[in-house]
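Chemist: What would the 3D arrangement of this be:
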Amino acid sequence: MKPYQLETIRLFNRLYSYKVIFLYRLPIQLIQDGNGVRFIKSDKLAQTITPLVLTTFRFLSIGWAMFIRMANPDVTLAGRFIILAYQWALATEGISFFMFSMIYMGFDYYLVEAGNLTLPLIDKLEKANYCKLSRRPVMIDYITRILMWAGIVLPAPGILILTLLKLNPGYTIIDFVSSKLQVFEAIRGIRLSPIIWLILNILLFLGRYMVQLIVVMDLFRGFILLAIVSFFGIQVFRNLVDFIDSYFDRVTAVGGETDVTHIQIYRQIEIIYRVPEKINKSGAFLALGMIGASAVFFVYALVRLRSENINIFLPFCGFGVVVSVYIQLLICNYGAHVNEKSTNLLGKFKKWVAKVAERKKRKDLVQTVSSLVPLALLVGVGDVTLFTLEKGKKMFVLRQMLDYSMEAILT
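Modeler: I've put the predicted structure just below:
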């Protein structure tokens, strides 16, 4: 693993493990082991069920607040923007709920096993001089690091602004409940000195602020863990497929008919790739949908806020557009690249096998190569596959994201 990636994981464990803020450990932990990383699944039920319960509560709270806002629609731009923000937050919590539900049901076992099989394979290939991976950080490494620091720096001022403007879902729910029940009016009727009322309001404000801050930072922590695992997995499998292709070209260049290392390594990668296939399929479906919706939301907010001369949120919206589009391109390019490269590679294997002189060995190799299948990133839910993310579908996904962005702006 790259030194920069090891430093990123070390920084993640350092920033997001303070027990003062985070009262429980994540169900999947990244443990640095020398120059490598091990994925460890928590065996404690509390660390598995606690995030699921919290994200369920947040999902229901945001959904209730959004329903209240939509039941009393505000025709102003700010009102529509708040409803869109609630919808985006609800979708975010939906993905978090899906992730922790899969972990609670045991599907994280496949991710842990795939990670623990893949990383040692790369170390083994590097030590044997079969492959040399680039040690320089790429764009995705920088984005991961930026997201990690954003989860620490942005929540505090963001929650403070939302709390002062009374735009957070908690205040929406409290305001709605207080309008329906008379108990709040009775509390307001209690005669206390202005200083006591001031102290109580300050304590209430600080309590509400701290709870929301911890909730948002906890949400960031779960998504950053997901981003680290996903981004590193994308780089690893892409590099491995490229390595097999280059290694095979090197073998054929020297006329090696007895070296079948490339076929053995491809079979290993194929087995590892198939281990988390179902959860990857559902994850790809939710990721493409959520990231596409995020891009549409940020584009709409950027254009509308700029037209109304509300410039305070423009940098945040612009950053959201760039990151959303880049991650969408990353996923699409990864799926298209791995599928196209592995398909071409199997075609090269078949041509190479046909040139093997020994008949018995050629027959065995034909059976071996015929059993291999191209690697592909499937998009769907459960056993239902909607499409394979290949080169043609990549343009379909990006075109749909652009079309929805234009429709949102025009309407």
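
Chemist: any idea where the helices of the stretch 301-411 of the chain begin and end?
Modeler: Taking DSSP state H, counting those that start in this stretch as the criterion, the stretch 301-411 of the chain carries its helices at 314-354, 359-370, 391-410.

Chemist: Show me what the second one is packed against.
Modeler: With contacts defined as 3 or more C-beta pairs under 8 Å, 6 or more residues apart in numbering; DSSP states H and E, helix 359-370 has these neighbours: helix 261-274, helix 314-354. Yep, even glycine has a C-beta here, placed from its N, CA and C like the rest.

Chemist: from the chain's centre, how far out does the helix or strand residue 282 falls within sit?
Modeler: Per DSSP states H and E, residue 282 falls inside helix 277-307. With C-alpha atoms, centre = their mean, to the nearest Å as the basis, helix 277-307 stands 11 Å off its chain's centre.

Chemist: what angle separates it from helix 261-274?
Modeler: Helix 277-307 runs at 70 degrees relative to helix 261-274, counting by axes from the mean of the first three to the mean of the last three C-alpha atoms, to 10 degrees.

Chemist: So which bits of helix 277-307 are buried?
Modeler: 278-288, 290-302, 304-305 (16 or more other C-beta atoms under 10 Å).

Chemist: now swap in stretch 33-50 and tell me
Modeler: By neighbour count on 16+ other C-beta under 10 Å, the buried set for stretch 33-50 is 37, 39, 41, 42, 47, 48, 50.

Chemist: CA-only coordinates of stretch 218-233 in CSV, if you can.
Modeler: C-alpha atoms of stretch 218-233 as CSV (Å, rounded to 0.1, in the frame of the first residue of the first chain):
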residue,chain,number,x,y,z
ASP,A,218,-20.6,10.7,13.4
LEU,A,219,-22.4,10.7,10.0
PHE,A,220,-19.2,12.0,8.4
ARG,A,221,-17.2,9.3,10.1
GLY,A,222,-19.3,6.5,8.6
PHE,A,223,-19.2,8.0,5.1
ILE,A,224,-15.4,8.7,5.3
LEU,A,225,-14.8,5.0,6.3
LEU,A,226,-17.0,4.0,3.3
ALA,A,227,-15.0,6.4,1.0
ILE,A,228,-11.6,5.1,2.2
VAL,A,229,-12.6,1.4,1.6
SER,A,230,-14.3,2.1,-1.7
PHE,A,231,-11.6,4.4,-3.1
PHE,A,232,-8.7,2.2,-2.1
GLY,A,233,-10.6,-0.8,-3.5
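
Chemist: Could you tell me which residues within that stretch count as buried?
Modeler: Those would be 218-222, 224-233, for stretch 218-233 by 16+ other C-beta under 10 Å.
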